[in-house]
Structures are given as C-alpha cells and as structure tokens.
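Participant: Build the 3D model from these lines:
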Amino acid sequence: MNLDRIDIERELLARFFQISNKLQTYLDQQLKEEQLTTKQMFLMIVIGSFDKDPGFSELSVLFGTSRQNVKQIALKLEKNGYVEIYTDEADSRFKRIKFTKKATDYWKKRDNMDMILLNKLFDTVSIDQMKLLRDTMRQIDVSIDSLSKSEEDDDEDDN
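Facilitator: This next block holds a predicted model:
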C-alpha cells in the first residue's frame, strides 16, 4: 500500500468537495437576482445540450443525480417561468421539458458574461493543464460510474 498515494487521494477528494462548495456558493450569489440557484442553472445547461426536449430520465443521466432530484429542480424552474414541463404526444406517461421565452432571453443575455467568468476562472491555468484536468476528471467519472454499477449489482445479488 502506497501511503503517499493515499495521502494525495484523500487531499484530492477533499479538494473536489471544497471546490464544488466554493463554486456553488459563488454562483448562487451571482444568480440570486435572477431567482436561480447553481443547480437550476446547471440543469438548464443540461436541458440545452439536447437536440430535442428531454425527459427527466435523460436529464438525470447527464446531471448525475436521481430522476426525482431532477424533477424537483425542474419544478422550481417551471415555477419561476424558465421551463415548461409537458406531456409527450406519443406517450402520455412521459414528461418532457422545454425552455420558455424567459429562459431563451436569459441565456442570450448571459452568453458574454459567462465567457468573461470562464476566462477569469481559468486565466492562470494553461491549455495543457486544462486538457489534463479534463481527461483526469473523465477517468474519475468513469470510475464512479463503475463503482455505482458494482454496488447496484451487489444489491441485486442480495435480493
């Protein structure tokens, strides 16, 4: 067992949580005026990544959380007029989500501000460091998915 590696792994895990909390706090403060939270903004980013109006299950995969959690966040967005949740025409059991005019106008307004924020956030990081970090985060994401699937398989074996 490599103790140096374990120390680094522990620090990395702590820093993931720390950076996540710091970023969420900062963005929540920036979004307060629009009556949005960081999670609501992230869900809108995920919604916008689809070519057609997605459903809760599709969103939950990209969002990285449960379908129920996505639905709760989407309901708050709907209450604030950013999205519309509607019944699929082909399958009445299936709900889809689409942006309202308010959301479309919001994103047009944000485009330039978001570019400035991103540039400031990463201005001390080289392109090579960003690529390495991106690739590393992708590997960790795959590991988490693998661990989750392994636990789901174990749970099924217990039944």
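Participant: Mind naming the longest helix for this structure?
Facilitator: helix 127-158 (DSSP state H).
Participant: what angle sits between the host helix or strand of residue 27 and helix 127-158?
Facilitator: Assessed by DSSP states H and E, residue 27 sits inside helix 3-31. Orientation of helix 3-31 against helix 127-158 (axes from the mean of the first three to the mean of the last three CA atoms, to 10 degrees) gives an angle of 100 degrees.
Participant: Quick check: which helices or strands does helix 3-31 pack against?
Facilitator: Counting contacts by 3 or more CB pairs under 8 Å, 6 or more residues apart in numbering; DSSP states H and E, helix 3-31 is packed against helix 38-48. In this view, the C-beta of every residue, glycine as well, is placed from N, C-alpha and C.
Participant: domains for this protein, by residue range?
Facilitator: Domain ranges of the chain: 3-109, 125-159, per automatic domain parsing.
Participant: Output those domains as TSV; include the columns mean neighbour count and mean pLDDT.
Facilitator: Shown next, in TSV, are the domains of the chain (neighbours: other CB atoms under 10 Å; pLDDT from 0 to 100):
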stretch	mean neighbour count	mean pLDDT
domain 3-109	14	94
domain 125-159	10	87
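Participant: who wins for proximity to residue 116 among these?
Facilitator: domain 3-109 (11.7 Å; CB to CB).
Participant: now the closest one, how far from the chain's geometric center?
Facilitator: The gap between where domain 3-109 is centred and where its chain is centred comes out at 5 Å by CA atoms, centre = their mean, to the nearest Å.
Participant: Endpoint to endpoint, that domain covers what distance?
Facilitator: Taking CA to CA, to the nearest Å as the measure, domain 3-109 stretches 49 Å from start to finish.
Participant: do the same with stretch 32-45
Facilitator: End-to-end distance of stretch 32-45: 17 Å, with CA to CA as the criterion.
Participant: Give me the contact list for that stretch.
Facilitator: With CB atoms under 8 Å, 6 or more residues apart in numbering as the test, stretch 32-45 has contacts from 23-24, 27-28, 31, 59, 63, 70, 73-74, 76-77, 80, 82-83, 99, 103, 106-107.
Participant: Done for today, thanks.
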